[in-house]
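> Okay, predicted coordinates and the sequence, questions at the end:
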Amino acid sequence: MRYYIIAGERSGDLHAGNLVKAIKQRDAAAEFRGFGGEHLQEAGVDIVVHYRDLAFMGLLEVVTNAGKIKKYIRKCREDILHYKPDVIILIDYGGFNLQIARFGKKAGFKIFYYILPKYWAWYEKRASWLKPYVDKTFIILPFEKEFFRKFDWAAEYVGNPVLDAVKVHQADTTFKSKHNLPADKPCIALLPGSRKQELETIIPLMINVVKRFPNHQFAVAAVNNLNQSWYEAISSLSNVKLIFEDTYNLLLHSSAAVVTSGTATLETALFRVPQVVVYKANPVSYWLAKQLIKVDFISLVNLIAGKEVVKEMIQSKANAENVSQELSRILNDERYAHQIQREYDRIINILDTGSASENTASLMWKYLNE
């Protein structure tokens, strides 16, 4: 069969790549094309547009780049019509994929959606906009099932692909020596995100935090597909190392972490690293989002747990003093750190229902052959 798959950002690309590999185990003649990144390319997908050209964070940024986004939507529609897939598989990336779902359904294509946008977090009415254009839906957070039931939407929980990725990760025992990290000193991981807007707001904060811990070793989870100059200010500090494309090994060798809100908060929890979550956005984008947000927390860790497990420092609260105070507590209060890890274990038990990629691929293959 012919599959068209769309992942508009980094974590979606990772999970989409694993899904493609699982589908190929069931469909030996499968052909894939779409929008995505390195993980989809590695899985054998013919990439039309890289997600780096689509990654806009915040409502204001989306509005100001509306013309560019429309151009890529038009390009995607034309490419789908030319390719004529048996199914279009959408991965998160709400605004863009809503447009493609509408187009695809009206054009007569079957639409599968894996990893839905966070409609439960803000402006939940969007779920009713998408529902008519999707044939089958596969969700990765247990509490989403109840949310979609409000819209008479039979979404299927398939497990969590982040947990899958962590489970299969092979630890690099030479990690510290390879990156010249002191073997006798605990490492603190800094995860500033993978978008330009995130680095612009979070890197300055992290620099100020690092300066308050001159006797500690820090390491930044960096990515190759961003302008390397954006890391220069923090990498110039004597107690900071840049670790490119090896976040999981970094977390495995870290005692604590400062993490930008997003999928990385869950990844950090699954590696049982006590963390403080930070989030800063363009003031206008944040104000607009605050008018629509319906949840009590921003981190997946706290949302899944249904309570505060890790501290969230948002906007003005995301300052060096607050973050450093919480980081000090994690590093120096062993009982507190263990309490966070016990809550992590509970989250792992909630999420663990087998491989999300395998479960989703099996269901998709079944529905395609019905």
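Yep, that arrived.
> For the host helix or strand of K75, name the packing helices and strands.
Here K75, judged by DSSP states H and E, is contained in helix 66-83. Packed against helix 66-83 by the contact rule (3 or more Cβ pairs under 8 Å, 6 or more residues apart in numbering; DSSP states H and E) you find strand 2-7, strand 31-36, strand 46-50, helix 94-106. All C-beta atoms are positioned from the backbone trio N, CA, C, and that covers glycine.
> avg pLDDT for it?
Taken as a whole, helix 66-83 has an average pLDDT of 91.
> now the angle from it to strand 31-36?
180 degrees (axes from the mean of the first three to the mean of the last three Cα atoms, to 10 degrees).
> In contact with the residue most central in space within the chain, which residues are there?
Centroid-nearest residue in the chain, with Cα atoms, centre = their mean: T263, separated by 3.5 Å. If you count contacts by Cβ atoms under 8 Å, 6 or more residues apart in numbering, T263 has them with 11, 162, 300.
> Show me what counts as buried in the helix holding K75.
Across helix 66-83, burial judged by 16 or more other Cβ atoms under 10 Å covers 69, 72-73, 76, 79-80, 83.
> Format the helices and strands packed on helix 66-83 as TSV; extra columns: distance to T201, mean neighbour count and mean pLDDT.
Output for these, formatted as TSV (distance: least, Cβ to Cβ, whole Å; neighbours: other Cβ atoms under 10 Å; pLDDT from 0 to 100):
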stretch	distance to T201	mean neighbour count	mean pLDDT
strand 2-7	24	25	97
strand 31-36	26	24	97
strand 46-50	23	16	96
helix 94-106	21	19	94
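> hmm, back to that, now that we have the contacts of T263, which one has the most neighbours?
With neighbours taken as other Cβ atoms under 10 Å, the top of the contacts of T263 is L300, carrying 23 neighbours.
> which element follows the strand or helix carrying V284 toward the C-terminus?
Per DSSP H and E, V284 falls inside helix 283-292. As assigned by DSSP H and E, the chain's next helix or strand after helix 283-292 is helix 300-305.
> still on that earlier bit, go ahead and name everything in contact with the helix holding K75.
Helix 66-83 is contacted from outside by 2, 4, 6, 33, 35, 48-49, 53-54, 56, 62, 88, 95-96, 99-100, 103-104, 107, 109, using Cβ under 8 Å, 6+ apart.
> One more pass at 7 Å, please.
Identification of contacts with helix 66-83 by Cβ atoms under 7 Å, 6 or more residues apart in numbering yields 2, 4, 6, 33, 35, 48-49, 53-54, 88, 96, 99-100, 103-104, 107.
> chain center to the helix or strand following that helix, what's the gap?
Downstream of helix 66-83, the next assigned helix or strand under DSSP H and E is strand 87-91. Averaging C-alpha positions (Cα atoms, centre = their mean, to the nearest Å) puts strand 87-91 18 Å from its chain's average.
> what about the stretch 251-370 of the chain, any weak spots by pLDDT?
Applying pLDDT under 70 to the stretch 251-370 of the chain flags residues 285-286, 288-294.
> now the strands for this protein?
For the chain, applying DSSP state E gives strands covering 2-7, 31-36, 46-50, 87-91, 110-114, 136-139, 156-157, 187-191, 217-222, 240-244, 254-260, 275-279, 311-314.
> could those go into TSV alongside distance to N18?
Below are the strands of the chain laid out as TSV (distance: least, Cβ to Cβ, whole Å):
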stretch	distance to N18
strand 2-7	11
strand 31-36	12
strand 46-50	16
strand 87-91	11
strand 110-114	11
strand 136-139	13
strand 156-157	17
strand 187-191	21
strand 217-222	20
strand 240-244	21
strand 254-260	22
strand 275-279	24
strand 311-314	28
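> of all the ones you listed, which lies closest to Q197?
Closest to Q197 of the strands of the chain, according to Cβ to Cβ: strand 254-260, at 10.5 Å.
> Can I get the closest one as CSV, trimmed to CA atoms?
What follows is strand 254-260, C-alpha atoms only, in CSV (Å, rounded to 0.1, in the frame of the first residue of the first chain):
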residue,chain,number,x,y,z
SER,A,254,22.4,13.0,35.0
SER,A,255,21.4,13.6,38.6
ALA,A,256,19.0,16.4,37.9
ALA,A,257,17.6,18.4,34.9
VAL,A,258,16.2,21.7,33.9
VAL,A,259,13.7,21.0,31.1
THR,A,260,11.7,23.1,28.7
